[in-house]
Structures are given as structure tokens and as C-alpha cells.
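Asker: Here you go, sequence then predicted model.
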Amino acid sequence: MANWLQGEITQNKQWNQRLFSLRVRLQTQAPKFKAGQFVRIALEIGGEIVARPYSLVNAPDDDELEVYFNIVPEGPLTPQLAQLQTGDSVLVGEKASGFLVIDEIPECKYLWLFATGTGIGPFLSILKTAQPWQRFEKIVLAYSVRTRDELAYLDLIRNLQTQHPGQFSFVPLFTREVGADALSTRIPEAISSGSLEARTGITLSADDSHLMMCGNSEMITEVSSLLETRGMRRHRRREPGHITTEKYH
């Protein structure tokens, strides 16, 4: 049996019709976690506890937890989560999990972060901490969404650009509309065409780069296959590599 912590909703932010973020204050001490990890969020529905894993958007030293999710119309949990209001109760798993953390990355010069949709969550948590800025010469965040209104947390990302102007490169990608400041393509095509590297001014290479990916499983599979041709392979503790992933499918 899983052990659950009692939480209280302090904010429900609706980004558009299907994207939401929840902030949660726990009645007891929050689970310790490393930036990039996830916890299980649950509700009791129809007499059963329904739970799903969600990456934490907040930094580890934040007093409240924050998760970012999209509504799955036929799903048992997300439509209910989206309806929660301030003061409502929610269950949080007592342990955080996941290897999408900076500690797992071998030494390198450049850190590339590829996110689709709500996969941006763990990278925001990572970028709120000092560790990546101390370790890497340059950090690239490629954030792919369908349309501009799905580009959440843009104010936070802009603040990071202001704080780290020579170190941080932000590349938005829109797959279903054209944006003057965005690449109008998917991440795999942006790699194949060279447009992503042209935008950042650096090369995605096995010699000096590490890539972290979170989001759509198709994107992760396609990008991994593309980078195999560059000598980049999945990172494992026993066999250090260049690609670290997190999937929620």
C-alpha cells in the first residue's frame, strides 16, 4: 500500500482550455527531492485512489509543491484535478522518483533541454536552482508546443534570459502555427535541418554536450535515433552516455 501525504490546494492556474498548474501545501513535511524528479498526485474517486506521476515545477527549497498538467478528456484523474479550488484536498506520494537530475550528468560544456508540452516542468525546476548555472558553459532550452497559447511559464523563462544572458539560450518551437520569434517545426526536424543549432550558435555533439528530454515519446524516440548517427547514446550509470530521458507514456 502506498503512503499518502495530505495536501491542500493553494492555487489552480489555468493557462488555456486544457493546461493547468496546481500549487499544493502539505500538512506535514514535503518529500525531499532533487530538481527534475516527480511525485505521484492522487484523488479518491469512486471509493478508489487514482494516482498519476507528475514532475515538480518548483525548486527543492520551495515551501509548496507545483505540478503542471494537461487535461486528458477521457482520463479518470486530470479532469478532476482541473476542477480543484483553493482549500481543496489532494493526496501526494511520500517519495519522489526519477533520474532526470543534474547529478546524473557526466562532465560536459553544454546542457541541452528538449521539452514538449507539459514536459517543460522538470526543466523549470532544474533551472530554478544554482547547480546548472555553476556547471555548464551554456544551457539550451528547446520548448515545443502546438500553438503560442500553450507556451506556459514564459515570464519565468524570460527572467532566466535576463539573469543569464550569455549562458542561456531559449528556443520556442510551434508545430501548428508560425511565430516570428519561434521555429515553426518539430524538434527532430529542427535538428535535421540544422536550424536549432544555427539558432543557438553551438553544435549538439558527443564531444561536449549532454541532452535531457521530457515529453512526447515520439519526439524522444526520433531525436534519440537522429543523435545515434552523431555517436550519442543513452546515458546509464554503468555506461556513461549523452542522452537522459523521462517518459510519461
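Answerer: The structure has been received and is ready for your questions.
Asker: How about residues contacting the lengthiest strand in the chain?
Answerer: Longest strand of the chain, by residue count under DSSP state E: strand 4-14. Strand 4-14 has contacts (CB atoms under 8 Å, 6 or more residues apart in numbering) with 20-28, 30-31, 42, 49, 64-65, 82, 84-94. Yep, even glycine has a C-beta here, placed from its N, CA and C like the rest.
Asker: please redo it, this time with the cut-off set to 7 Å
Answerer: 20-28, 42, 64, 84-94 (CB atoms under 7 Å, 6 or more residues apart in numbering).
Asker: what do you get for stretch 57-67?
Answerer: For stretch 57-67, the external contacting residues (CB under 7 Å, 6+ apart) are 10, 21-25, 30, 33-35, 41, 54, 56, 68, 92, 121, 124-125, 128-129.
Asker: out of those residues, which are buried?
Answerer: Buried members of these, counted by 16 or more other CB atoms under 10 Å: 21-24, 30, 33-35, 41, 54, 56, 68, 92, 121, 124-125, 128-129.
Asker: coming back round to it: Produce a PyMOL select command limited to the buried residues of the contacts of strand 4-14.
Answerer: To isolate the buried members of the contacts of strand 4-14 in PyMOL, using 16+ other CB under 10 Å:
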select buried, resi 20+21+22+23+24+26+42+64+84+90+91+92+93+94
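Asker: Could you name the residue of the chain that is farthest from its center?
Answerer: Relative to the centre of the chain, and counting by CA atoms, centre = their mean, the farthest-placed residue is G47 at 31.4 Å.
Asker: how near is that one to R40?
Answerer: 19 Å (CB to CB, to the nearest Å).
Asker: Can you name the element that comes right after the longest strand of the chain?
Answerer: Using DSSP states H and E, the helix or strand that follows strand 4-14 in sequence is strand 19-26.
Asker: buried set for the next helix or strand after that following strand?
Answerer: Next helix or strand after strand 19-26 toward the C-terminus (DSSP H and E): strand 38-45. By 16+ other CB under 10 Å, the buried positions in strand 38-45 come out as 38-43.
Asker: So what touches the longest helix along the chain?
Answerer: The residue-count maximum for a helix in the chain (DSSP state H) belongs to helix 217-228. With CB under 7 Å, 6+ apart as the contact definition, helix 217-228 has outside contacts at 114, 116, 186-188, 191-192, 213, 234, 243, 245, 247, 249.
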